[in-house]
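A.B. asks: After the sequence you'll find the predicted model.
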Amino acid sequence: MKISMFGLGYVGCVSLGCLAKNGHQLIGVDLNPSKVRCINDGISPIVEAEIDSIIAEQHLLGNISATSDAATAVLNTDISFVCVGTPPTSNGHLDFSAIYKVSEQIGKGIREKDSFHVVVIRSTVLPGTNQKVASIVEDVSGKRVEKDFAVVSNPEFLREGSAVKDYYSPPYTLIGSDNFRAVEMMKTIYKEIDARFIVTDIKIAELIKYVNNAFHALKVTFANEVGGICDALEIDPRKLMDIFCQDTKLNISPYYLKPGFSYGGSCLPKDLKALRTIAHDQYLECPVLENIELSNELQKKRVCQRLIDFNKDRIGFLGLSFKGGTDDLRNSPIVDIIEILIGKGFDIKIYDKNVRLSQLVGANREFLLKKIPYISTFIVDDPMEIVEHSDVITVVNNEAEFSDILNHVNGHQIIYDLVNISFQERNEKQNYIGIVWK
């Protein structure tokens, strides 16, 4: 396939060489004449393992060239990759002026074409950029998006020092698009790449690189804070974290990485507080560890405010314990919310088959009665009482029986879901609201 690569910096140069090596014809486009000259001389304009030999080889084979003439590059290719920089501004925002300038250049080229053209945003951009680029190209070209051209988002996951290896072995190939023709062309481009080909919403494809890198930064900082604690206690942090990483069931896994409600129970709050105390006793500042609980509390406040904002007096809760299948109420986040709502005069009813006040003993009973002394007046034994009573039904736990119960909810009652529960008519119910999803 014939491809124009706008921007011959780090991402653009690596993509140019690797795509050519996979059998495509590439034209690099850059305003910098020295970069254009380098490519046309078979020299890589960047320093990166393996890319210099790839550029030299593909230049000899006649698979790559470069130009400063954007319109000619677009006219002679089927797909244009946008790989220009988005540097930060002085106020912390990102400068997308280069993206928009390239969009205008591509639009001018598309104006002279009769064939379908795909614009691929490879640069790291904010959600909404794809739509903005499409609008610019449409205005400049006079052509119609989705009919005459399409804009897809295709974030890169390249690390400096191993970019070529990462290009050929990515975690997945991600395409944000709802245009079938464009997606099929992207599949052709990446057919040599041994990785899952994922098609998703455009805004997800635009945001995921930021989320990835924020998580990587979090991991580095978390490991460094643990390292500081270990050093103060004369423990080898490398050995400890090596063992930590060998737990692929919970530690290094998708577990706990599903958006939802706050954490609770006895273990997480207790042990997090203990680790913070150890750090404090060693006179160590650990901002990540110190702010985990704050973030957890903020999630509770958001849920509580959402329930208040529904402006409905009668609220029912399916679940009371911090996790389904248990009667453990210690630090159950929903208990704090119910306590606040009762104090504000809301009419509350609660159903949890695992919680029977007469059977609660020890810390569980003490915790609940301390929070809500008259809890027995709010707990019901029949889940249908929740349906019959409530204007808002809040799903706290993912119990199988709750799925059946929710099928009896009428269109005037709000279902507020904190656990992403599945039930038969969920997609059809206009009154269904997820905590951070629809």
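C.D. replies: That came through, no problem. Numbers count the residues shown, from 1 in each chain.
A.B. asks: For residue 209, give me its contacts.
C.D. replies: Neighbour list for residue 209: 124, 155-157 [criterion: C-beta atoms under 8 Å, 6 or more residues apart in numbering]. Heads up, the C-betas are built off the backbone N, CA and C, glycines and all.
A.B. asks: Looking at those residues, which are in helices?
C.D. replies: Counting by DSSP state H, the contacts of residue 209 place none of their members in helices.
A.B. asks: Neighbour-wise, which one of those leads?
C.D. replies: The member of the contacts of residue 209 that has the most neighbours, counting by other C-beta atoms under 10 Å, is residue 155 with 22 neighbours.
A.B. asks: quick one on the thing from earlier: state the pair within the contacts of residue 209 that is farthest apart.
C.D. replies: 124 and 157 (10.3 Å; C-beta to C-beta).
A.B. asks: Which secondary structure element of this protein has the lowest mean pLDDT?
C.D. replies: Lowest by mean pLDDT, DSSP states H and E among the helices and strands of the chain is helix 362-371, with a mean of 65.
A.B. asks: could you point out which element follows that helix?
C.D. replies: Next helix or strand after helix 362-371 toward the C-terminus (DSSP states H and E): helix 384-389.
A.B. asks: Can you name the element that comes right after that following helix?
C.D. replies: Using DSSP H and E, the helix or strand that directly follows helix 384-389 along the chain is strand 392-395.
A.B. asks: pretty sure residue 236 is touching residue 230, no?
C.D. replies: Yes: applying C-beta atoms under 8 Å, one finds residue 236 in contact with residue 230, separated by 6.9 Å.
A.B. asks: neighbour count winner among the two?
C.D. replies: Between residue 236 and residue 230, counted using other C-beta under 10 Å, residue 230 has the larger neighbour count: 16 against 11.
A.B. asks: quick one: pLDDT of the residue nearest to that one when sequence neighbours are not counted?
C.D. replies: Spatial nearest neighbour of residue 230, excluding adjacent residues (C-beta to C-beta, 6 or more residues apart in numbering): residue 237 at 3.8 Å. pLDDT, residue 237: 97.
A.B. asks: I'd like the numbering to begin with 20 instead of 1 from here.
C.D. replies: Renumbered: residue one is now 20, and that last one reads residue 256.
A.B. asks: ok now do residue 256, which residues does it touch?
C.D. replies: Residues near residue 256 by C-beta under 8 Å, 6+ apart: 242, 245-246, 249-250.
A.B. asks: helix, strand or coil for residue 336?
C.D. replies: Assigned with DSSP: H, G, I helix; E, B strand; the rest coil, residue 336 falls in the strand class.
A.B. asks: And the one 5 residues further on, by the same measure?
C.D. replies: Following three-state DSSP, residue 341 is assigned to coil.
A.B. asks: got the contact list for it?
C.D. replies: With contacts defined as C-beta under 8 Å, 6+ apart, the neighbours of residue 341 are 282-284, 347-353.
A.B. asks: can you give me the strands for the chain?
C.D. replies: For the chain, the strands defined by DSSP state E cover 21-25, 44-48, 83-86, 98-101, 136-140, 168-172, 192-195, 216-219, 333-337, 366-370, 411-414, 433-436, 451-453.
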